[in-house]
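**Student:** quick one, what's the 3D model for this:
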Amino acid sequence: MKLLEKFLVLSEQREDVIVLILTRDEESLGHTGEAIKEYCDGNSISCHFVFSDLAFIASREKDKKLVIHNFDGGSKKLTLDPLNTMCFVRGSILENEAGKTIFRGIEEAEVFMVNSSHVMELSRNKLLSGLHFEKNNILTPRTVFINNEESIKTALKKIGGKFPLILKTISGAEGIGVIKVETRESLPSILQALWKHDAEILLQEYIPIKFDIRTLVLNKEVLGSTKRLIIKDDFRTNLSLGAKTVPYQLSEKEEEVVLKVAKSMNGYFLGVDHILDGYKIFVLEVNGSPGSRSKFGDSDGKPLSRKNIVEKLITSGRDKSTWRGYRTEQRGASAKIKLEEIGKTEARLDTGNESHNVLHAENMKMLSGGRVQFETINGIILTKKIVDKQLINTGGGNTERRPVIILDLSIGKTKYKNAKFTLADRSENDFPVLIGRKFLSRADISVSVNDK
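**Tutor:** Residues are numbered from 1 along each chain as shown. Below you'll find the predicted structure:
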């Protein structure tokens, strides 16, 4: 893969990376959050809890430092270099808007997040994760969203129509909100009771099991696996509900499936849950803030303690070369480019943008012959042929159809002909040009964490 290191420089020096643990409050830290803090304190690593119910971010400082006020409720503030900070995000942070807001604030400052808001939301929402599995050809139990009694018949047909079946709330965790429904007659009353409390419900086919498997994946490598046995007189396997666990060694096929899931989610540290049904491997869900209390086994099936897990987690995270390729590290990358008829400028490299590149344009006029005239960078006025039009979602339910033009583009000594650009007014943006994922893939360009 081509790395345009002249423009995309990765800072991999072994500086002392500061560790944050972002959670809602002290009570929601959990065993893993406490273990991370204990390990850091014992190894002279700077580590701080950030409680979203108490902390706030007023603004970014002029020197690009991130300041978090009242981070632990002690009326003090943290001043951080975002590009030298990693943040472990616990699941409670998504429970209210205060948590989501400070999460996004820290993420937008370009702190390395474990995991990004995209990964955390995707793993938390069982409907979205189910659709994600289907899109990526990952076998998962048949699941359907249901929001009224009229859709019960259709929903049952889509998941096979057999009882018992599993009922889940979309954002439940630790087995809470998971119900085994034994008969067709009992389903409507259960749904009515849950809908009364505004619950969002999924129905899922039931696959009988004696255990499921949780695998921890760190930087797209298997860290350890555990077998979680079904609770006596229950059908669930959650440790928080009293399930017993034993170390587990994945088969080659299981490891292949688990790593496929982790790669598709693009999370740095994930818990991937799956079950076995004969020769079939069904993925149940992914946890974006997995715990470490279970009895895990490494790739050889040997016991892996919580201390081992946390040590590997911190050691890996403090090596900033492992940050590349994850969603948050790609935010804010930029490069010097040269555009035909315009000249040199700075462009934002945005792997989250799946559309065409975007060029700043104002005072657009549609001309005869399928042409467009517009004013762009440095007051240059161009007239270009419109090769296509693209419908863009501008937010708030609004859309606009933007003209698409073609320009030759150079990065370094490499010239790329016929690059497509949509035209939009980017006067309120930091960069007049945005380079999207389609072009980056075509050009085989890797975007790294500290790209400037």
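**Student:** please name the nearest non-neighbouring residue to residue 33.
**Tutor:** Spatial nearest neighbour of residue 33, chain neighbours left out: residue 21 (4.9 Å); criterion: C-beta to C-beta, 6 or more residues apart in numbering. For every residue, glycine as well, the C-beta is placed using N, CA and C.
**Student:** now the helices for the stretch 101-250 of the chain?
**Tutor:** 117-124, 126-135, 152-158, 187-195 (DSSP state H, counting those that start in this stretch).
**Student:** out of these, nearest to residue 370?
**Tutor:** Among the helices of the stretch 101-250 of the chain, helix 126-135 comes nearest to residue 370, with 35.3 Å by C-beta to C-beta.
**Student:** give me the helices and strands touching that closest one, please.
**Tutor:** On a contact count with 3 or more C-beta pairs under 8 Å, 6 or more residues apart in numbering; DSSP states H and E, helix 126-135 meets helix 117-124, strand 143-146, strand 201-205, helix 252-265, strand 280-287.
**Student:** not counting it itself, show me its contacts.
**Tutor:** 121-123, 138-140, 143, 145, 168, 170-172, 200, 202, 261, 264-265, 283, 285-286 (C-beta atoms under 8 Å, 6 or more residues apart in numbering).
**Student:** give me the most central residue, the chain.
**Tutor:** Among the residues of the chain, residue 119 comes closest to the average C-alpha position under C-alpha atoms, centre = their mean, at 1.9 Å.
**Student:** ok, that one - contacts?
**Tutor:** Residue 119 neighbours (C-beta under 8 Å, 6+ apart): 265-267, 270, 288, 327.
**Student:** what two of these are the furthest from one another?
**Tutor:** The most widely separated members of these are 270 and 327, with 12.9 Å between them, by C-beta to C-beta.
**Student:** how is the protein partitioned into domains?
**Tutor:** Domain assignment for the chain by automatic domain parsing gives 18-116, 142-205, 211-303, 332-443.
**Student:** more neighbours: which of residue 270 and residue 327?
**Tutor:** More neighbours surround residue 270 than the other of residue 270 and residue 327, with 25 against 19 (other C-beta atoms under 10 Å).
**Student:** nearest residue to residue 103 in space, please, no chain neighbours.
**Tutor:** Nearest residue to residue 103 in three dimensions, chain neighbours excluded: residue 93, at 5.2 Å (C-beta to C-beta, 6+ apart).
**Student:** and that neighbour, which of the three is it?
**Tutor:** helix (DSSP: H, G, I helix; E, B strand; the rest coil).
**Student:** Throw together a ChimeraX command that grabs the buried residues out of the contacts of helix 126-135.
**Tutor:** Buried residues within the contacts of helix 126-135, by 16 or more other C-beta atoms under 10 Å, are selected in ChimeraX with:
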select :121,122,123,138,140,143,145,168,170,171,172,200,202,261,264,265,283,285,286
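**Student:** rewinding a little: I'd say the residue nearest to residue 33 and residue 37 touch.
**Tutor:** Yes. Assessed by C-beta atoms under 8 Å, residue 21 is found in contact with residue 37 at 6.3 Å.
**Student:** now the common contact residues for those two.
**Tutor:** 47, 49.
**Student:** make JSON lines out of the domains of the chain and add mean pLDDT and distance to residue 313.
**Tutor:** Listed next are those as JSON lines, based on pLDDT from 0 to 100; distance: least, C-beta to C-beta, whole Å:
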{"stretch": "domain 18-116", "mean pLDDT": "90", "distance to residue 313": "7"}
{"stretch": "domain 142-205", "mean pLDDT": "89", "distance to residue 313": "20"}
{"stretch": "domain 211-303", "mean pLDDT": "90", "distance to residue 313": "6"}
{"stretch": "domain 332-443", "mean pLDDT": "84", "distance to residue 313": "25"}
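**Student:** between residue 21 and residue 37, which has more neighbouring residues?
**Tutor:** Higher neighbour count among residue 21 and residue 37: residue 21, with 22 against 19, using other C-beta under 10 Å.
**Student:** need phi/psi at the more buried one.
**Tutor:** phi -120, psi 110 (degrees, to the nearest 10).
**Student:** how close does it sit to residue 80?
**Tutor:** 14 Å (C-beta to C-beta, to the nearest Å).
**Student:** can you check residue 132 too?
**Tutor:** Residue 132 is 32 Å from residue 80, by C-beta to C-beta.
**Student:** next: residue 438.
**Tutor:** 34 Å.
**Student:** neighbour count: these two, which is higher?
**Tutor:** Set residue 438 next to residue 80 and count neighbours by other C-beta under 10 Å: residue 80 wins out with 22 against 15.
**Student:** so that one is in contact with residue 106, correct?
**Tutor:** No. With contact defined as C-beta under 8 Å, residue 80 does not reach residue 106; the gap is 9.0 Å.
**Student:** between these two, what contacts are shared?
**Tutor:** Joint contacts of residue 80 and residue 106 (C-beta under 8 Å, 6+ apart) are 20, 66, 68.
**Student:** out of these, grab the one that's most surrounded.
**Tutor:** residue 20 (26 neighbours).
**Student:** that older thread, how about the helices and strands packed on helix 126-135 in TSV, adding distance to residue 376?
**Tutor:** Rendered in TSV, the data for those read as follows (distance: least, C-beta to C-beta, whole Å):
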stretch	distance to residue 376
helix 117-124	31
strand 143-146	45
strand 201-205	48
helix 252-265	38
strand 280-287	43
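**Student:** who wins for proximity to residue 56 among these?
**Tutor:** helix 117-124 (17.6 Å).
**Student:** contact partners for residue 179?
**Tutor:** So residue 179 contacts 166-168, 190 (C-beta under 8 Å, 6+ apart).
**Student:** give me the buried subset of these.
**Tutor:** 166-168.
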